[in-house]
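*Asks:* Need a 3D model of the sequence below.
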Amino acid sequence: MTRACVIGAGLGGLALAIRLQSSGVETTLVEAHDRPGGHAWSRTREGFTFDSGPPALAEPSGYAELWQLSGGDMADDIALLPIELLRRLNWPDGVTLDVIANTTGSLGGGTGDGGTALRREVARVAPEDAAGYEEFLRWSDQALRDGGAPWLAALRRDLASIARSAPMLARHQAWRSAYGIAASFIKSAKLREAISVAALAEGANPFSASAFHALAHKRELDHGLWWPKGGMGKLAAAMARQFEKLGGVLLPHDPVLHIHTLGDRASEIECVSGWRQRFDAVASSADMVHTYRDLLASNSRGPDMARKLVRRSFAPSAFTVHFGLEGSWPGIPHNTVLFGPRYQGLIEDIFDHGVLPRDFILFLQHPSVTDPSLAAKGKSTFRATIPVANQAKLPIDWEQVGPLIERRILDEVGRRLIPDLDDRIVTKFHTSPRDLALDFNAWAGSANGFAATRAQSLWPPVGTRDAKLRNLYFAGAGAQPGGGVSGTLASARATAKRMLEEVR
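*Replies:* Sure, this is the predicted structure:
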């Protein structure tokens, strides 16, 4: 029987391992931490469950499919709770816009008309753009039908596939940016920001990522957002249990030390504990620079590729404050975006200039409003995240700066949403780019791997398989330009398909 090893039990690595094991490949999943999930961790502190990873799941049918591969039902292992108010957008002048899902409340999704409730919101906030917004939704529908979203997720590019896709790319103006395509239909700056901010939430620059990144807005309307009861860490744990039920072997708390090679093949995996095994195929869902620079250090291919990769464009990082409060806040939805006084200029500071501005765009998550199990009765769990430049662009001492940024974030939440926030805080802590780099070997503390630029979407820095080590494969957000839950699942699907074609 074919034997494979998957390095890294993040959501992408777990999805790949389940696909391989359910297809009859004897799979071992090796994880450096003591629990699965990678960036999607959950932590309990003073009665609160704090969560990392994605703020919600889009198109969760991709996760349900992992159970269906072996005739199982995801609902037997974890419940998914619908988030019908996708996000509330709030600007400094007091204007708000609620983005409301058009779903049936089930994994089947909605009717696909974009949501009558959101149309009313658009008419209220930007009445002159009602017709333009309809045109944008029609463009989104057609681009989705023609394969715009799969194009972004595809990890295999060659000149022939690019040539075949060229008419589709031109027809839907993929050469425009996500913000640019919104601007071609819509006059209101606020509505343009409302459409393009979903790309920013996944680590993409709305002004340089392909127009197809604007499709996230329509996909969310049609399919909604979902929350795994108990948090993202519970989802990862359920995926790990499913993998082990299928006969897979999970080795936690044992970082991989080396990927040994023999000729043009990855031959063995060696861990810090001394565990060492031979495999027919190896797939890494770890950070790509870490994989080449550290795990393949004994093969000249490793350092050579690492030097090339660090010259590519990387996504920014993130600074997050987790805090638990006394009191319930039913009026604050699961997801809120607090815009600052600038949009394009702020994004340029983060992505291009590598500075730490005083203003910011704040993504506030209030998961306990959807899932009360995350906090004791009468208490609430929050997470506030701002995009910041990665450490390659902004090499500052986050241990020194972190408490100052935490204070500014809490002050902003207090000023705009919870006036007596300081009196209600039970516990709080923050994570910075330094933590991402140290805890997950993320190059420069980047939260989403390679930047989702138009050039890197056309020609990804790393595909599904190494060009020279013919049984070394890649999956996860780091294996493609841009991150996000949908991209991670798509990479696992594409990599599993290729591995099954080439290895078995």
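*Asks:* helix or strand for Ala117, which one?
*Replies:* Applying DSSP states H and E as the criterion places Ala117 in helix 116-125.
*Asks:* Run the chain-centre distance for that helix.
*Replies:* Computed by CA atoms, centre = their mean, to the nearest Å, the chain-centroid distance of helix 116-125 equals 28 Å.
*Asks:* List the buried residues of that helix.
*Replies:* Ala117, Leu118, Arg119, Glu121, Val122, Val125 (16 or more other CB atoms under 10 Å). Yep, even glycine has a C-beta here, placed from its N, CA and C like the rest.
*Asks:* Next, the contact list for the fourth one, please.
*Replies:* This points to Glu121. Residues in contact with Glu121, defined by CB atoms under 8 Å, 6 or more residues apart in numbering, are Leu97, Asp98, Val99, Ile100.
*Asks:* list the buried ones in the one helix or strand the second one maps to?
*Replies:* Of the helices and strands defined by DSSP H and E, Asp98 is found in strand 96-100. Residues of strand 96-100 classed as buried: Leu97, Asp98, Val99, Ile100 (neighbour count, 16+ other CB under 10 Å).
*Asks:* Name the SS class of Ala75, please.
*Replies:* Classification of Ala75 by DSSP: H, G, I helix; E, B strand; the rest coil places it in helix.
*Asks:* since we're on it, how many residues are nearby?
*Replies:* Neighbour count of Ala75, defined by other CB atoms under 10 Å: 11.
*Asks:* re earlier: after the helix holding Ala117, which helix or strand is next?
*Replies:* Taking DSSP H and E, what comes next after helix 116-125 is helix 130-146.
*Asks:* Average pLDDT for that following helix, rounded please.
*Replies:* In this model, helix 130-146 has a mean pLDDT of 90.
*Asks:* just the contacts of Glu121: which has the poorest pLDDT?
*Replies:* Within the contacts of Glu121, lowest confidence goes to Ile100 (90).
*Asks:* What's the separation between that residue and Pro55?
*Replies:* According to CB to CB, to the nearest Å, Ile100 and Pro55 sit 17 Å apart.
*Asks:* Leu404 - how many residues pack around it?
*Replies:* Neighbours around Leu404, by other CB under 10 Å: 10.
*Asks:* Just the pLDDT for it.
*Replies:* 97.
*Asks:* element containing it, please.
*Replies:* With DSSP H and E as the test, Leu404 turns up in helix 398-416.
*Asks:* Return the list of helices and strands in contact with that helix.
*Replies:* Under the contact definition 3 or more CB pairs under 8 Å, 6 or more residues apart in numbering; DSSP states H and E, helix 398-416 sits against strand 317-326, strand 335-338, strand 362-365, strand 379-388, helix 421-424, strand 425-431, helix 433-440.
*Asks:* partners of the third one, with directions?
*Replies:* In its sheet, strand 362-365 lies beside strand 335-338 (antiparallel), strand 379-388 (antiparallel), with partners assigned from DSSP bridges.
*Asks:* Give me the contact list for the first one.
*Replies:* Judged by CB under 8 Å, 6+ apart, the contacts made with strand 335-338 from elsewhere in the structure are 55-56, 83, 85-90, 197, 201, 225, 361-366, 412-413, 416-417.
*Asks:* where exactly do the helices run in the stretch 251-400 of the chain?
*Replies:* 288-290, 301-309, 344-348, 398-416 (DSSP state H, counting those that start in this stretch).
*Asks:* List of residues touching the third one?
*Replies:* The contact list for helix 344-348, computed with CB under 8 Å, 6+ apart, reads Tyr179, Leu200, Asn205, Pro206, Phe207, Gly340, Pro357, Asp359, Phe360, Ile361.
*Asks:* contacting residues for Ser52?
*Replies:* Counting by CB under 8 Å, 6+ apart, Ser52 has contacts His39, Ala40, Trp41, Ser42, Arg43, Met232, Thr320, Arg383, Thr431.
*Asks:* Save these as a markdown table, and put in distance to Gln277, neighbour count and pLDDT too.
*Replies:* Shown next, in a markdown table, are the contacts of Ser52 (distance: CB to CB, whole Å; neighbours: other CB atoms under 10 Å; pLDDT from 0 to 100):
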| residue | distance to Gln277 | neighbour count | pLDDT |
| --- | --- | --- | --- |
| His39 | 26 | 22 | 88 |
| Ala40 | 26 | 23 | 89 |
| Trp41 | 26 | 20 | 87 |
| Ser42 | 30 | 21 | 89 |
| Arg43 | 31 | 13 | 92 |
| Met232 | 29 | 25 | 94 |
| Thr320 | 36 | 21 | 97 |
| Arg383 | 38 | 18 | 98 |
| Thr431 | 33 | 19 | 97 |
